[in-house]
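Participant: Predicted model follows, preceded by the sequence.
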Amino acid sequence: MVDRSKQSFVIPAIFLLIIFILVIGFLIPDIKKSPVTQTPEPMPTYTYNIKTDGLTVTYGTVKANQSLSNLLSEYVSVQGIDRIAKESRKVFDLRKIRAGSKYALISGKDSAQHILFFIYEMNDVEFVVYDFRDSIRVYRDKKKVTKQVKTVEGMITTSLWNAFSENRLDVTLGMNLADVYAWTIDFYGLQKGDHFKVIYEEYSVENVSIRTDRILASVFTSEGKDFYAFYFEKDGRGEYFDETGQSMRRSFLKAPLRFSRISSRYSKSRMHPILRIARPHFGVDYAAPRGTPVVALGDGRIIEAGWHGGFGRFVSLRHNTIYTSTYAHLSKYASGIQPGVRVKQGDVIGYVGSSGLSTGAHLDFRVYRNGRPTDPLKLESPAADPIDPTDKGKYKEVVTKMKTELDKGFPVKR
């Protein structure tokens, strides 16, 4: 016979167990979905590629007449300095520590603040590490250098130099831009409103620019005409070409120096400033500060380098059987400049001065064609070799990509 009192107890218990299982079944998926909140570990701090969490970093600048001994006298004994000097010989010459260079001391946060590392910055990228933790160890290291592609543009008000300096642009980039267009644009004849746009590479360390590198593409509007230039490299050698693949380089530069002004032009009758008589001036005078580098107009051989009467210190350069160029009133000659020496286009041959019959620092520059003087500002120069036919496809891709970027927002009516 079944005990009905026990049966009445078992049925509700089974029912409650079923309900409990169902509830747990619903809750388990939610529990699995609920992420476990974890506090992320803080990123370690590195200074000069050294983990410096829990350490003290003190920065400084080398003062005049300071040596390593002066910089570490508070932390290292005389015997220790001697050991450092010996360990450093094969890595870095301590005599090359210069005033104005940056350094850092890394020490522990204990009461004694024992020095652990001394770092001396040789330049913006390279540094020397003196590790004192166990025994003295000296080694060189580098900061991480980041390369970025950037774009700048500007408007000419007076000169290319001022356009860069007034807008706080890197003047070195301006000089590179002048080099790209040295054969195609007369920078002494720029007009107010001429403008440019440049795509270039820049290297930085710790978000601070350390140098601008090559120009990748540019457009320069002068006298209402757009001049495009694109960098193309083959077999490790790069050059600049225009939209059609013609070289931006010519047999002759537009001028033998940068960022100056024309103070006197080619003339068959000009009043001489010292002799006070009218006489021909078969050249162009460029007013520039004393010491400004003067470069060769083109490849050639030096046929004269010496004092030449009223021309003072003088250089004559034969380019080929047709053309010769001369450079007068120099303050001095570049190293190695003497008759018979071959020079390349753009090589420095001398420096602006006022030697001879001259009222002030300037360069008297002349060009002769078949022995007859010709106006340097009207000199026509053939282009160098164009893009190789086998590279036209790749070059077209470069032009299409870069020209699209240059034309974005460029202030020219097209």
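Facilitator: All right, it came through fine. This one's a predicted model, so the numbers in the text were calculated from it and none came from an experiment.

Participant: burial of residue 198, as a residue count?
Facilitator: 24 (other C-beta atoms under 10 Å). Any C-beta I mention is one placed from the backbone N, CA and C, and that applies to glycine too.

Participant: which residue sits closest to it in space, ignoring its chain neighbours?
Facilitator: Leaving aside its chain neighbours, residue 198 sits nearest to residue 218 (4.5 Å; criterion: C-beta to C-beta, 6 or more residues apart in numbering).

Participant: If you count contacts, what does the helix or strand in which the one you found is found end up packed against?
Facilitator: Assigned by DSSP states H and E, residue 218 belongs to strand 208-222. Using 3 or more C-beta pairs under 8 Å, 6 or more residues apart in numbering; DSSP states H and E as the contact test, the elements touching strand 208-222 are strand 145-155, helix 171-180, strand 195-205, strand 225-234, helix 392-407.

Participant: try 6 Å this time
Facilitator: Counting contacts by 3 or more C-beta pairs under 6 Å, 6 or more residues apart in numbering; DSSP states H and E, strand 208-222 packs against helix 171-180, strand 195-205, strand 225-234, helix 392-407.

Participant: So for residue 116, which of the ones you listed sits nearest?
Facilitator: strand 195-205 (23.1 Å; C-beta to C-beta).

Participant: pLDDT on that closest one, on average?
Facilitator: The predicted model gives strand 195-205 an average pLDDT of 94.

Participant: buried sites along that strand?
Facilitator: Across strand 195-205, burial judged by 16 or more other C-beta atoms under 10 Å covers 195-200, 202, 204.

Participant: ok, now how distant is the closest residue to residue 293 other than its chain neighbours from residue 95?
Facilitator: Nearest residue to residue 293 in three dimensions, chain neighbours excluded: residue 348, at 4.6 Å (C-beta to C-beta, 6+ apart). From residue 348 across to residue 95, the span is 30 Å (C-beta to C-beta, to the nearest Å).

Participant: Among the two, which residue is more densely surrounded?
Facilitator: Taking neighbours as other C-beta under 10 Å, residue 348 and residue 95 compare with residue 348 leading, 15 against 9.

Participant: returning to that earlier point: please name the strands paired to the strand holding residue 218 in the sheet, noting orientation.
Facilitator: Sheet pairing for strand 208-222, assigned by DSSP bridges, gives strand 195-205 (antiparallel), strand 225-234 (antiparallel).

Participant: so who does residue 85 touch?
Facilitator: Neighbour list for residue 85: residue 94 [criterion: C-beta atoms under 6 Å, 6 or more residues apart in numbering].

Participant: Pop the domain breakdown of this structure in here.
Facilitator: Using automatic domain parsing, the domain parsing of the chain gives 47-142, 144-250+383-414, 261-378.
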